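Trainee: prediction below, plus the sequence it came from.
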Amino acid sequence: MVSRVRKLLKQYKVTKLEGLSQKLKISLDKIKNISCGRTSFTSLFKDRHQYRISPKRSKELAELIGIVLGDGNIFQFDRCQRLTISCNAFYRQYIKHISQLMRIIFKKEPSVIKRLKVNCTDVCLYMQDIDKALGLPTGNKLKNSIKIPGWVFKKKEYLTKCLKGLFETDGHYALNKKYYVEYIQFCNKSESLKESVIKALKSLGYSPQMGNLYVRLAKRIQVRQFIKEMGFERPSPSLVN
């Protein structure tokens, strides 16, 4: 623990980081990151109003929205929000790509945190009004009936990038030469999101199938066209989960 955090514990007459979190009304995760040296100490007292941002509609924003709809979460604290995108730690280049998207959109450096004892890395960012910037709700995505924001459907490049983010996070590619089976699918429990993905794929000229937990392209020519059109950061065989 850094010495300045120890001084704060003494100053506020608390013995644990949880108590300091309550006193300062700052998330426990942020204080832990500061105490471990992952985040600078000065960020504790920066004016959070400077972190409000209204990004312009762009293909980068559309892709990040797709990523958040797939593997992301927006958590609401008293005075700020936390955006977390959880990734397989093996995909280091993709983690860098997500971090770059966050920097472009929010003009702020995210924290990249490797979890202990599990093969997972979290890309995190603290800011006010993340939900408004992305047009997505905070909290449980399933209960909030999430879907692709309407503006994404207005341009093909927006829709393509959003689907790219969705399929790279919750996508699954399969190729079985013995049984002549090839498909690519998006797996999710949210009915509203699956319906939104169906609409997006049809808008781009594809013929998707919908199951209880997936939206699938199963025509070989469409599968290969889709992979080519998306321009995945992770090569298509790596989509196998």
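Mentor: That came through, no problem.
Trainee: which parts of this structure belong to which domain?
Mentor: 3-42, 50-134, 150-239 (automatic domain parsing).
Trainee: pLDDT below threshold where in this structure?
Mentor: 1-2, 37-52, 179, 234-241 (pLDDT under 70).
Trainee: show me where it has helices.
Mentor: 3-11, 17-24, 28-35, 59-71, 92-106, 130-134, 156-170, 191-203, 220-230 (DSSP state H).
Trainee: buried ones in the first one, by neighbour count?
Mentor: Buried positions in helix 3-11, judged by neighbour count with 16 or more other C-beta atoms under 10 Å: 5, 8-9. Where C-beta positions appear, they are placed from N, C-alpha and C, glycine not excepted.
Trainee: same check on the third one?
Mentor: By 16+ other C-beta under 10 Å, the buried positions in helix 28-35 come out as 29-35.
Trainee: again, but for the fifth one
Mentor: Applying a neighbour-count criterion of 16+ other C-beta under 10 Å, one finds 94-95, 97-99, 101-102, 105-106 buried in helix 92-106.
Trainee: got it, and the last one?
Mentor: For helix 220-230, the buried set under the neighbour-count rule, 16+ other C-beta under 10 Å, comprises 222-223, 226-227, 229-230.
Trainee: and the furthest pair within those residues?
Mentor: For those, with distances taken as C-beta to C-beta, the pair at the greatest spread is Gln222 and Met230 (12.0 Å).
Trainee: picking that back up, of the buried residues of helix 3-11, closest to Lys178?
Mentor: Val5 (58.6 Å).
Trainee: residues contacting that closest one?
Mentor: 17, 20, 31, 34-35, 41 (C-beta atoms under 8 Å, 6 or more residues apart in numbering).
Trainee: could you double-check that Asn88 lies in contact with Val118?
Mentor: No: if you go by C-beta atoms under 8 Å, Asn88 and Val118 don't touch, sitting 10.2 Å apart.
Trainee: more neighbours: those two, which one.
Mentor: Each of Asn88 and Val118 has its neighbours counted (other C-beta atoms under 10 Å); Asn88 has more, 16 against 9.
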